[in-house]
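Peer 1: quick one, fold the following:
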Amino acid sequence: MFKQGWGKHLFDLSCMVTMSLILLGCTKPASKLTTVDGLESLEFKYLGSPGIVTPLELAEDLGYLVPIKLSYQGVSIGGPQGIQSTLSGDSDISSPSFAGSAVKMVASGVPGTVVIAAYGTFDDPFAGYYVLENSPIHSARHLIGKKVGTNILGAQVEYMLKTYLKKGGLSPEEINQVTLVVLPPGSSEQALRNGHVDLAPLAGPAIERGGVRRLYRDYDLVGDLTTGTYVMANRYIAEHPNTTRKVVTGIAKAIEWSRQQPRDQVIARFEQILERRKRPENNAMLKYWTQWGIPSTAGKFKNDDFKIWVDNLIEEDQLKQNQIDYKKIYSNQYNEYSQN
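Peer 2: As a prediction, the model looks like this:
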């Protein structure tokens, strides 16, 4: 078995099924209903990340969610945790979460739906998976017996690593000899430079400081693809259809706004958002923002956006051919920005 549980931790199916049954009876009560503009709730709970502005946060700042107000519930440490948060009612929407985790969620019977894209892969010069500049690691095979840093098990870093290793010709037995090491948020660079891990995902300032060499990128492995999603609990959607529609459509508008503005103006807006929210964070990463990399218009989906993740589960014998209905993974019905 892959160290740290490769198959087990890519969003453990059995645990998620169990959690879904528990959540059906233990989900936190819905917010008090209101009739303002037909919205069922004017408070919308979410998770954020230090130094980062998400499409949801930009939507609020641009006024696309009015009269709904975002209610910050704390820091997201990764997609799987973000999905669990919305299913339990601790938040009303997940943090931007790996699309492969969302497919796992549906396959395991957990009552959630992908409602809009959050990010994707693109030719980003400011991100990738790095080794030290003088490292002897130059290929997938050189990672056998090595340690790789990740923010959380079962998320995008894990999937992309496995994809890189498989494309590099490693057998399942050899892949199992690569160890995933969970690192505290923001500590990847330090762990790599101190020799605690041999490979780590880095971005922006860490790359600019030098002394590191990129081994691969998500874009090198999958090209232009939606890799990040927003997930909402089916129960919340059923009880708050108008609030859901308002929020999802607002996110769609924010995505398109970011495409239509000069990059420096988008970054300036991000800096203002960070300053106004007054959290213990800095804006060092913002200058490296290029785009969210969402290939579709307004963050809408089609089946092909999820095919790569479904095919991977089939390849690993975690799904059978034609077992999963794509329409149970995602829905565009609450995204009213474009009818196309």
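
Peer 1: when you work out contacts or count neighbours from here on, use the C-alpha atoms and nothing else.
Peer 2: Will do.

Peer 1: what about the closest residue to T297 other than its chain neighbours, neighbour count?
Peer 2: Of all residues not flanking T297 in the chain, E256 sits nearest, at 7.5 Å (Cα to Cα, 6 or more residues apart in numbering). The number of residues packed near E256 is 16, by other Cα atoms under 10 Å.

Peer 1: in three-state terms, label E256 for me.
Peer 2: Under DSSP: H, G, I helix; E, B strand; the rest coil, the three-state class of E256 is helix.

Peer 1: okay, it and K300: tell me how far apart.
Peer 2: Separation of E256 from K300 (Cα to Cα, to the nearest Å): 11 Å.

Peer 1: quick one: A117 is in a strand?
Peer 2: Yes. Using three-state DSSP, the secondary structure at A117 is a strand.

Peer 1: doesn't I294 make contact with it?
Peer 2: Yes. Contact criterion Cα atoms under 8 Å: A117 and I294 qualify, at 6.9 Å.

Peer 1: the more surrounded of these two?
Peer 2: Using other Cα under 10 Å, the more surrounded residue of A117 and I294 is A117, with 33 against 24.

Peer 1: so what pairs up with that one in the strands?
Peer 2: When assigned by DSSP bridges, A117 has beta-bridge partners T229.

Peer 1: for it, what are its contacts?
Peer 2: A117 sits next to T226, G228, T229, Y230, I294, G299, K300, F301 when contact means Cα atoms under 8 Å, 6 or more residues apart in numbering.

Peer 1: redo that, cut-off 7 Å
Peer 2: For A117, the contacting residues are T226, G228, T229, Y230, I294, G299, K300, by Cα atoms under 7 Å, 6 or more residues apart in numbering.

Peer 1: tell me the mean pLDDT over stretch 230-237?
Peer 2: Taken as a whole, stretch 230-237 has an average pLDDT of 97.

Peer 1: what does it rub up against?
Peer 2: Stretch 230-237 is contacted by residues 83, 86-87, 92-97, 111-118, 244 when judged by Cα under 7 Å, 6+ apart.

Peer 1: now the helices for the stretch 101-250 of the chain?
Peer 2: Secondary structure of the stretch 101-250 of the chain by DSSP state H, counting those that start in this stretch: the helices cover 156-167, 172-175, 188-193, 205-208, 218-222, 234-239, 241-260.

Peer 1: dump stretch 280-288 to CSV, restricted to CA.
Peer 2: In CSV, the C-alpha atoms belonging to stretch 280-288 read as follows (Å, rounded to 0.1, in the frame of the first residue of the first chain):
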residue,chain,number,x,y,z
PRO,A,280,-3.4,38.0,10.4
GLU,A,281,-2.1,37.5,6.9
ASN,A,282,0.0,39.2,4.3
ASN,A,283,-0.4,39.9,0.6
ALA,A,284,3.0,38.6,-0.6
MET,A,285,1.3,35.9,-2.8
LEU,A,286,-1.0,38.3,-4.6
LYS,A,287,1.5,39.7,-7.1
TYR,A,288,2.0,36.2,-8.5
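
Peer 1: for that stretch, which positions count as buried?
Peer 2: N283, L286 (16 or more other Cα atoms under 10 Å).

Peer 1: got it, and stretch 66-85?
Peer 2: 66, 68, 70, 76-85.

Peer 1: what does stretch 308-318 give?
Peer 2: Neighbour-count burial for stretch 308-318 flags W309, V310, L313 (criterion: 16+ other Cα under 10 Å).
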